[in-house]
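J.: here's a sequence, model it:
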Amino acid sequence: MLWISLVQMFVSTGYSSVVVFIILYTDQTGIENAGLFFMMSAVGTVLARSVTGRVFDRHGPRWVFGVGLCLLSASYASLAGWQTTVGFLVGAFVLGAGMGTIRPTLEAMAVNVVTAARRGAANATLFAGFDVGMALGSSILGAMAQAAGSYATMYWVDAGVVLIPALLFFGWVLPRYSKAQRTKANVR
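T.: Predicted coordinates:
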């Protein structure tokens, strides 16, 4: 279970830079009404979550998680490179869709590999990974943005850092998850 939380930690590391610094970024770029960012992100999250569960149930986590990571990377690139109100809102929507795809996927995986009695612990571990990533990301990426003098640089880095959870997920977590699922199916 800890292995799934490690992926969550790296996903939330990049996400923290948006949650913590988006208002300052709008000041830097001159984009007005930063509150619209959170509204568009919420719309993206709701729409993604409305389909993610069904796709996960039919096809498993591989495709769903991969799409979610692509969405996250695209959102960071949009924020960094398309510094207009439209780019800002597109980045927000795509970020919401990415997180609305990834978080439920990881949660479903976490509760699928434990017994019913351990589901609370699985959720707590997953949320701990999220919280650690938020703390680390906001500190490290904030220092990077300050050193670079640009939040756009930080978002370009985020777009590339998505490779870390991708490598962990596809190289380590997914094989372990698949093995745990096979073992669980054989026990039934």
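
J.: after the helix or strand in which Ser41 is found, which helix or strand is next?
T.: Assigned by DSSP states H and E, Ser41 falls within helix 35-59. Per DSSP H and E, the first helix or strand lying C-terminal to helix 35-59 is helix 61-81.

J.: centre of the chain to the helix holding Ser41, how far?
T.: Helix 35-59 sits 12 Å away from the centroid of its parent chain (CA atoms, centre = their mean, to the nearest Å).

J.: any chance you could list what contacts that helix?
T.: Applying CB atoms under 8 Å, 6 or more residues apart in numbering, the contact partners of helix 35-59 are 22, 26, 63-64, 68, 71, 88-89, 92-101, 104-105, 108. For glycine as for every other residue, the C-beta is placed from the backbone atoms N, C-alpha and C.

J.: top helix in the protein by residue count?
T.: When the chain is parsed with DSSP state H, its longest helix is helix 119-148.

J.: in that helix, what's buried?
T.: Counting neighbours by 16 or more other CB atoms under 10 Å, one finds that the buried residues in helix 119-148 are 122, 125-126, 129-130, 132-134, 137-138, 141-142, 144-145.

J.: which elements pack onto it?
T.: In terms of contacts (3 or more CB pairs under 8 Å, 6 or more residues apart in numbering; DSSP states H and E), helix 119-148 is packed against helix 2-29, helix 85-112, helix 151-161.

J.: whichever helix or strand comes after the last one: which residues count as buried?
T.: Meaning helix 151-161. Downstream of helix 151-161, the first helix or strand assigned by DSSP H and E is helix 163-168. Going by neighbour count (16+ other CB under 10 Å), the buried part of helix 163-168 is 164-166, 168.

J.: same check on stretch 153-164?
T.: 154-159, 161-162, 164.
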